[in-house]
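Colleague: Sequence first, then the predicted structure:
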Amino acid sequence: MTYIKDILDFTETFAPLGTAMDFDNVGLLVGSGGCAVDTVLVALDITDAVVAEAEKVGAQLIISHHPVIFSPLKSLSCGDIPYMLAKSGISALCLHTNLDLSPVFGVNTCLADAVGVRDYAFAEGECLLVGELEAEVTSREFAARVKTALGCGGVRFTLGDKRVKKVAVCSGSGGDYAPLAAELGADALLTGEIKHHEILDAVRLGVAVIDAGHFKTEDVVIAPLCEKLSARFTDVKFIRSQKCTDTVEYC
């Protein structure tokens with residue numbers, strides 16, 4: 001029989017809670033490590049639709065990337081997600097920046113693998129991974145590759161004046177890493193959110209920008225995480241959420 005504590009102990013081998021950034025809130029945020037599990041739902045976010053999905057599949061635990069409790073709680077109503085989880089007897093294990101920063105297996109390594117960035121390493125103390133493509137491509141070609149690999153409805157990118165070989169990768173919101181990407185010699189920065197002035201900074205510094213959306217650059221970890229957990233805990237069913245989406249459409 002597998003207990004939540006067993007799963008948490010395993011995730012400590014590749015995404016230790018102690019490596020999360022200071023502002024973060026990670027770990028078992030709802031429930032007890034002593035609860036037995038046979039079904040786990042894995043999702044980027046815990047929404048009301050994901051909680052309902054967990055109830056439907058009979059999951060005792062949801063593993064998510066984004067914390068279900070981030071700021072200190074001062075009250076709880078029946079419409080709040082932590083309340084829904086507790087009422088349904090469903091625990092929540094949240095792996096956020098500790099999973100982003102993992103050099104062994106994490107969000108950024110899965111993102112890099114998916115788009116063909118190889119021989120990568122993290123910038124010291126940062127959620128920025130830098131590696132190389134097998135061959136030089138234009139930023140348009142790289143953007144098209146990212147769109148296909150992540151199943152994006154659309155990708156924002158800048159053309160740039162040079163071809164892309166060395167790539168900086170930061171899933172989620174990584175636009176502020178443009179100066180560091182330039183300092184590390186990257187030809188392009190792949191991220192999920194970047195502000196207008198950060199795009200201008202990147203262009204000025206000679207770094208092409210590929211913005212594939214926050215959700216798509218992080219959801220890339222969910223299927224591999226299910227596979228990794230399933231291989232370790234053969235008596236537990238790990239299900240990738242079908243209800244977790246960014247709800248974004250393109251026209």
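Modeller: Perfect, thanks for sending it.
Colleague: For the rest of this, base every contact and every neighbour count on C-alpha atoms.
Modeller: OK.
Colleague: can you give me the helices for the stretch 101-250 of the chain?
Modeller: Per DSSP state H, counting those that start in this stretch, the stretch 101-250 of the chain carries helices over the ranges 107-115, 139-150, 178-183, 196-204, 214-219, 222-232.
Colleague: out of those, nearest to residue 88?
Modeller: The minimum distance between residue 88 and these falls on helix 222-232, with 22.5 Å, by CA to CA.
Colleague: okay, now the domains of the protein?
Modeller: Listed by automatic domain parsing, the domain ranges of the chain are 2-99+221-239, 107-217.
Colleague: hang on, the earlier thing: among the helices of the stretch 101-250 of the chain, which is nearest residue 157?
Modeller: That would be helix 139-150 among the helices of the stretch 101-250 of the chain, by CA to CA, at 6.6 Å.
Colleague: That closest one packs against which elements?
Modeller: Identification of packing neighbours for helix 139-150 by 3 or more CA pairs under 8 Å, 6 or more residues apart in numbering; DSSP states H and E yields helix 107-115, strand 156-157, strand 208-211.
Colleague: got a list of contacts for the longest one?
Modeller: With CA atoms under 8 Å, 6 or more residues apart in numbering as the test, helix 107-115 has contacts from 99-103, 118, 127-129, 145-146, 149-150, 169-171, 217-218, 220-221, 224.
Colleague: Would you mind putting the helices and strands packed on helix 139-150 into a markdown table with distance to residue 53 alongside?
Modeller: Converted to a markdown table, these look like this (distance: least, CA to CA, whole Å):
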| stretch | distance to residue 53 |
| --- | --- |
| helix 107-115 | 23 |
| strand 156-157 | 32 |
| strand 208-211 | 30 |
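Colleague: winner for burial among the domains of the chain?
Modeller: Comparing those by mean neighbour count (mean count of other CA atoms under 10 Å), domain 107-217 comes out on top with a mean of 20.
Colleague: tell me how far the ends of that domain are from each other?
Modeller: 8 Å (CA to CA, to the nearest Å).
Colleague: For that domain, what is the distance to the chain centroid?
Modeller: Between the centre of domain 107-217 and the centre of its chain there are 15 Å (CA atoms, centre = their mean, to the nearest Å).
Colleague: do stretch 239-250 as well
Modeller: Distance, stretch centre to chain centre, for stretch 239-250: 14 Å (CA atoms, centre = their mean).
Colleague: Any buried residues in that stretch, and which?
Modeller: Buried positions in stretch 239-250, judged by neighbour count with 16 or more other CA atoms under 10 Å: 239, 240, 241, 243, 244, 245.
Colleague: ok now do the last one, which residues does it touch?
Modeller: For residue 245, the contact set (CA under 8 Å, 6+ apart) comprises residue 215.
Colleague: Just read off the phi/psi values of it.
Modeller: Per-residue torsions, residue 245: phi -150, psi 160 (degrees, to the nearest 10).
Colleague: That one and residue 152, how far apart?
Modeller: Taking CA to CA, one finds residue 245 at 12 Å from residue 152.
Colleague: And for the third one?
Modeller: Shown here: residue 241 relative to residue 152, a distance of 18 Å by CA to CA.
Colleague: how about the buried residues of stretch 239-250 in JSON lines, adding pLDDT and distance to residue 24?
Modeller: Listed next are the buried residues of stretch 239-250 as JSON lines, based on pLDDT from 0 to 100; distance: CA to CA, whole Å:
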{"residue": "239", "pLDDT": "98", "distance to residue 24": "25"}
{"residue": "240", "pLDDT": "98", "distance to residue 24": "24"}
{"residue": "241", "pLDDT": "98", "distance to residue 24": "23"}
{"residue": "243", "pLDDT": "96", "distance to residue 24": "25"}
{"residue": "244", "pLDDT": "97", "distance to residue 24": "21"}
{"residue": "245", "pLDDT": "93", "distance to residue 24": "22"}
